[in-house]
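>>> got a structure for you, letters missing:
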């Protein structure tokens, strides 16, 4: 599958309105074979979020008394849980930690993968293809088998309980993916542009920053957005490497700090989950196309 | 005369490339410089730990104490080979992991493919529907797992409530407290999160299938099922192979979902290999034993990769493409 096919496919995936042979189906038939199952699946996919939102704004007495009010709806919504979260807990610190670890790690891995992808596709040094294959294999190494030795290494480097440990470890998840994605984008840029620049005396670094990168902006955004969500989502490294409360990221903090025996914890737990996912969902809603092309692009290469 | 003129013109100096030029211009050196940042990170934090993990599994390292080589003792302690006596938790976790991976992957694939085909129809608000479908994949797993934890609560579960009010049951289902219920709940949550990824990637594959192929097949008398079986499916196989490899790998090594919802309980019945290795290595402090569990995952992963690799290889000639 070539990279152009990927681009065409993702564009088609988002904007196509071709009809094919669907005009042969009557509306009634379509209702049963398409709309009904689709609606069912969508409801199941969306329900946990609905439930998250409803719980986050429900007053406590409605949460534990399910007979007086219908639990699917909320009477007299309250912002108490969200307030408590934002002003009476460390949540803003955790949110900030998550954000800056994600941004730094994404930035670091974008720089590294732009250079690596350019070298593999365009400088074509000896064994470049083997290195490309090795990087793809690195994508298949899951963090679950690395966190124990990494913990000892982090300890040895003196980075334990420091967000910098995450900034350095997350790129191992991001670089293979971004490199692979960017290689596809770089391949679509005509070689002639580069040859002209070389003849005009540009160095490789100038070619990369002044010609290739401006043309590969969509690819950079795709890789960046996807990397950001991967960092935000990462759990096992953050759980293993961070121990003090003020250094934790949102996913770890939610699981370890909020979970106590309190029967009224659900409101703040759901509020925490909601506030923690909102930034990502908002970001995603602005860059749906880039996100989809990152996801499908990395798979279809 | 001409001789003397010629003698006076100095021979053009051939500028030999210095070592500095070589480092700057030479293709291989240039490649080396460009690869350096990525290579440094991947070697230091991926390749090196991978090797160190295998080494740790042969030592009795504890947290805060470098271990010494003890051979296969960690593996024997876990119950490898299988006829040895052990506490059986390791084999329970292997069993759980296999059930979790196999059931979740099959259902994810079936539902994902079905959803992809549904989304490939001519629908109103297609773009919006597609972006909504992906949301479970975008939201951090732990946060949605917490939501599922609440949905599966033993006392306030909305599912129990609905079923009770529909008159189907008259008691609260103990979702996460009973071993088999807990397994089923976790598998459901995993499927819920994995379906969007599979559906959207397969959809991208479906979009590349030309409608004229279906028209041609239909003219030849193919039914809907035959259209799917003999046109869609063969063309989709390469993407299916890649997507399912990823899905199987990440389901097999799943950690967050289990840790957020059950932490391996009740009584170890939902421990996957990843959660067990975390518990043994970090919580109990036996790094060596945890590393042995993690290392034991590697053969399974290699097996999954090999299967999909050969699945991919055989496609090229079948599609009439060149053997590259």
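Thanks, I have it. As the structure is a computational prediction, the values presented were derived from the model and not from experiment.

>>> Give me the three-state assignment for residue A:105.
helix (DSSP: H, G, I helix; E, B strand; the rest coil).

>>> Next up, the contacts around the residue lying closest to it once chain neighbours are set aside.
Spatial nearest neighbour of residue A:105, chain neighbours left out: residue A:170 (3.7 Å); criterion: CB to CB, 6 or more residues apart in numbering or on different chains. Placement of C-beta: from N, CA and C, glycine included. Contacts for residue A:170 (CB atoms under 8 Å, 6 or more residues apart in numbering or on different chains) come out as A:101, A:102, A:105, A:109, A:230, A:231, A:234, A:237.

>>> what about whatever residue of chain B ends up closest to chain A, neighbour count?
For chain B and chain A, the shortest gap (CB to the nearest CB) falls at residue B:31, measuring 2.7 Å. By the criterion of other CB atoms under 10 Å in any protein chain shown, residue B:31 has 23 neighbours.

>>> what's near enough to touch it?
By CB under 8 Å, 6+ apart, the contact list for residue B:31 reads A:119, A:123, A:124, A:125, A:126, A:128.

>>> Of these, which fall within the contact range of chain B?
Residues of the contacts of residue B:31 in contact with chain B (CB under 8 Å from any CB of the partner chain): A:119, A:123, A:124, A:125, A:126, A:128.

>>> can you give me the helices for the stretch 101-250 of chain A?
Counting by DSSP state H, counting those that start in this stretch, the stretch 101-250 of chain A has helices at residues A:128-139, A:147-157, A:163-187, A:191-199, A:204-207, A:213-215, A:217-233, A:236-241, A:250-257.

>>> do the same with the stretch 51-200 of chain B
B:73-78, B:89-119, B:126-133, B:135-138, B:141-151, B:158-165, B:179-207.

>>> before we move on, back to that, spell out which two among the contacts of residue A:170 are the most distant pair, please.
Greatest spacing in the contacts of residue A:170, by CB to CB: A:109 and A:237 (14.0 Å).

>>> Which one of these two is surrounded by more residues?
More neighbours surround residue A:109 than the other of residue A:109 and residue A:237, with 30 against 24 (other CB under 10 Å).

>>> Can you report how many residues lie near the residue in the stretch 51-200 of chain A that chain B sits nearest to?
With CB to the nearest CB as the measure, residue A:125 is the residue of the stretch 51-200 of chain A nearest to chain B, at 2.7 Å. Neighbours of residue A:125 under the rule other CB under 10 Å: 18.

>>> measure residue A:209 to residue A:107 for me?
Per CB to CB, to the nearest Å, residue A:209 is found 15 Å from residue A:107.

>>> Same question for residue A:51.
Applying CB to CB, the value for residue A:51 to residue A:107 is 35 Å.

>>> Compare these two (neighbour count), which wins?
Set side by side, residue A:51 and residue A:107 show more neighbours around residue A:51, with 18 against 15, by other CB under 10 Å.

>>> Kindly give the local confidence score, pLDDT, for the more buried one.
Here the pLDDT value assigned to residue A:51 is 91.

>>> OK, contacts around it?
Residue A:51 makes contact with A:270, B:147, B:150, B:151, B:158 under the criterion CB under 8 Å, 6+ apart.

>>> which one among those residues gets closest to residue B:43?
Comparing the contacts of residue A:51 against residue B:43 with CB to CB picks out residue B:147 as the nearest, at 38.6 Å.

>>> Count the residues that sit near the closest residue to residue B:39 other than its chain neighbours.
Ranked by CB to CB, 6+ apart and with sequence neighbours excluded, the top spatial neighbour of residue B:39 is residue A:116, at 7.5 Å. By other CB under 10 Å, 30 other residues sit near residue A:116.

>>> rewinding a little: pipe the contacts of residue A:51 into TSV and attach neighbour count and pLDDT per row.
Converted to TSV, these look like this (neighbours: other CB atoms under 10 Å in any protein chain shown; pLDDT from 0 to 100):
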residue	neighbour count	pLDDT
A:270	27	89
B:147	25	91
B:150	21	88
B:151	21	90
B:158	18	85
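
>>> Could I have the ChimeraX command that selects the buried members from the contacts of residue A:170?
Buried residues within the contacts of residue A:170, by 16 or more other CB atoms under 10 Å in any protein chain shown, are selected in ChimeraX with:
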select /A:101,102,105,109,230,231,234,237
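
>>> from the contacts of residue A:170, which is closest to residue B:203?
residue A:230 (21.1 Å).

>>> what's the spacing between residue B:244 and residue A:208?
To residue A:208, residue B:244 is 36 Å away according to CB to CB.

>>> so where's the stretch 1-150 of chain B shaky on pLDDT?
For the stretch 1-150 of chain B, the stretches with pLDDT under 70 are B:1-12, B:80, B:82-86.

>>> where's residue B:198 relative to residue B:250, distance?
Residue B:198 sits 11 Å away from residue B:250, going by CB to CB.

>>> Let me see the domain layout of chain A.
Listed by automatic domain parsing, the domain ranges of chain A are A:24-84, A:90-300.

>>> so which strand or helix has the residue nearest to residue A:218 when sequence neighbours are not counted?
Closest residue in space to residue A:218, ignoring its immediate chain neighbours: residue A:290 at 6.6 Å, by CB to CB, 6+ apart. Using DSSP states H and E, residue A:290 maps to helix A:288-300.

>>> Check residue B:293 too.
Assigned by DSSP H and E, residue B:293 falls in helix B:287-313.

>>> Tabulate the helices of the stretch 101-250 of chain A (a markdown table), appending mean pLDDT.
Shown next, in a markdown table, are the helices of the stretch 101-250 of chain A (pLDDT from 0 to 100):
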| stretch | mean pLDDT |
| --- | --- |
| helix A:128-139 | 87 |
| helix A:147-157 | 89 |
| helix A:163-187 | 91 |
| helix A:191-199 | 89 |
| helix A:204-207 | 86 |
| helix A:213-215 | 91 |
| helix A:217-233 | 91 |
| helix A:236-241 | 91 |
| helix A:250-257 | 85 |
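
>>> any chance of those helices in a markdown table, with distance to residue A:27 too?
Listed next are the helices of the stretch 101-250 of chain A as a markdown table, based on distance: least, CB to CB, whole Å:
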| stretch | distance to residue A:27 |
| --- | --- |
| helix A:128-139 | 44 |
| helix A:147-157 | 53 |
| helix A:163-187 | 40 |
| helix A:191-199 | 51 |
| helix A:204-207 | 56 |
| helix A:213-215 | 45 |
| helix A:217-233 | 37 |
| helix A:236-241 | 49 |
| helix A:250-257 | 45 |
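
>>> re earlier: out of the ones next to chain B among the contacts of residue B:31, which is most surrounded?
Neighbour counts for the ones next to chain B among the contacts of residue B:31, by other CB under 10 Å, peak at residue A:119, which reaches 29 neighbours.

>>> From the structure, what's the count of residues near residue 34?
Defaulting to chain A. By other CB under 10 Å, 18 other residues sit near residue A:34.

>>> Sorry, I should have been clearer: chain B.
Burial of residue B:34, expressed as a neighbour count using other CB under 10 Å, amounts to 24.
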